[in-house]
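S.K.: coords please:
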Amino acid sequence: MGRSIGIIGAGGWGTALAKVLCEKGDEVTLWCHGEKSYQEIQEKNENRSYLPGIPLPRSLKVTRSLKEAAAGKNLVFCVVPSHTVREVMNAALPHVDPQATLVCGTKGIEEGSLLPMGEVLSDIFGAPKREKLAFLSGPTFALEVAQGLPTAVTVAAFAERAALEIQEALSTQNLRVYTSRDVVGVQMGGVVKNVIAIAAGICDGLGLGYNARAALVTRGLAEMTRLAIRMGGDPLTLSGLPGLGDLILTCTGELSRNRKVGIEIARGKKLDEILHGMRMVAEGIRNTRSVYLLAGQLAVEMPIVEQMFLVLYQDKKPREAVRDLMQRSLKAEIA
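M.R.: Okay, here's the model as predicted:
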């Protein structure tokens, strides 16, 4: 008999996870915030707003009730945008079974508090729930997962049994799941890579070449690792799927929303104009500011993140940002 699973968030990633789990024989309920996606899935078995052309299993239940999505479920996935996690999960809190494992598939730092999603969820659900918290990350375009293309991800948890539970629940012939105990490293890789991907999009949009992009991705990895170490993460985690793997995908893939934002900025578009034309969330936009502020708070040097903050929020010209990065004081690569 399959598990009873609730997925809170019907964007591309939440919908792709729902499809994978339904096809494994689990009983899945998907919570939609928007009426449009709800009606599309309910009436046409397709989330045309986020995964057009992907038929969804008829066994998938869709709801706009958080109670229906969370109550009595063995597993509850949180897959809403990072800036809505506290509001949505506070509303879901009364309905989540104390014994249910909670899986965070959202990558972000909360604005204001500068807390990673794990700390936000711990704050909402209380310290005892930490043993039932897990974090899913890695190089994943939702469309490819939904299409059944080979994908590998990492699930991290404070308690090993929670990670093993999610590993078993999600693993299929085409989805390989690794486990980790490095909750900090897994989360921070997923956060910082989105900021670096915007920079990679600017690099490509300005036509700076492959050498520049390779240098940018490599130095972005150095910044990501520096921040994770400062927060207690394992540097080896950042050389794996949640770090380097996700960074490569998001900085080079044609489906990357954050990379597309950077390309549009390089073409001269203003941030407000780009946001107005986007249906899906590009987490890197909000997280550029959050990571920049967090790095300042922790005294971690992150020059690429700093320049992205200046470009996005202080109207600095992209070419000036490139110039300032290239003309920084000379130093050893690994100090």
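S.K.: What segments of this structure are strands?
M.R.: 4-8, 27-31, 61-63, 75-78, 101-104, 133-137, 151-157, 175-180 (DSSP state E).
S.K.: got those as JSON lines, with mean neighbour count, distance to residue 263 and mean pLDDT columns?
M.R.: Yep, even glycine has a C-beta here, placed from its N, CA and C like the rest. Listed next are the strands of the chain as JSON lines, based on neighbours: other CB atoms under 10 Å; distance: least, CB to CB, whole Å; pLDDT from 0 to 100:
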{"stretch": "strand 4-8", "mean neighbour count": "26", "distance to residue 263": "31", "mean pLDDT": "98"}
{"stretch": "strand 27-31", "mean neighbour count": "25", "distance to residue 263": "31", "mean pLDDT": "98"}
{"stretch": "strand 61-63", "mean neighbour count": "19", "distance to residue 263": "34", "mean pLDDT": "97"}
{"stretch": "strand 75-78", "mean neighbour count": "27", "distance to residue 263": "30", "mean pLDDT": "98"}
{"stretch": "strand 101-104", "mean neighbour count": "27", "distance to residue 263": "29", "mean pLDDT": "98"}
{"stretch": "strand 133-137", "mean neighbour count": "27", "distance to residue 263": "24", "mean pLDDT": "98"}
{"stretch": "strand 151-157", "mean neighbour count": "24", "distance to residue 263": "24", "mean pLDDT": "98"}
{"stretch": "strand 175-180", "mean neighbour count": "18", "distance to residue 263": "29", "mean pLDDT": "98"}
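S.K.: could those go into CSV alongside distance to residue 289?
M.R.: Output for the strands of the chain, formatted as CSV (distance: least, CB to CB, whole Å):
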stretch, distance to residue 289
strand 4-8, 25
strand 27-31, 28
strand 61-63, 33
strand 75-78, 22
strand 101-104, 21
strand 133-137, 21
strand 151-157, 25
strand 175-180, 28
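S.K.: wait, which of those is closest to residue 301?
M.R.: strand 133-137 (24.0 Å; CB to CB).
S.K.: and the angle from the closest one to strand 175-180?
M.R.: Angle, strand 133-137 to strand 175-180, by axes from the mean of the first three to the mean of the last three CA atoms, to 10 degrees: 130 degrees.
S.K.: and the lowest-mean-pLDDT helix or strand in the chain, what other elements does it pack with?
M.R.: Least confident helix or strand, the chain: helix 271-276 with a mean of 83, by mean pLDDT, DSSP states H and E. Helices and strands touching helix 271-276, as assessed by 3 or more CB pairs under 8 Å, 6 or more residues apart in numbering; DSSP states H and E, comprise helix 257-266.
S.K.: Only the buried residues of the helix it packs on, if you could.
M.R.: In terms of neighbour count (16 or more other CB atoms under 10 Å), helix 257-266 has its buried residues at 257, 258, 259, 260, 261, 262, 263, 264, 265, 266.
S.K.: can you tell me which of the residues you listed lies nearest to residue 226?
M.R.: Nearest to residue 226 among those, counting by CB to CB, is residue 258 at 20.0 Å.
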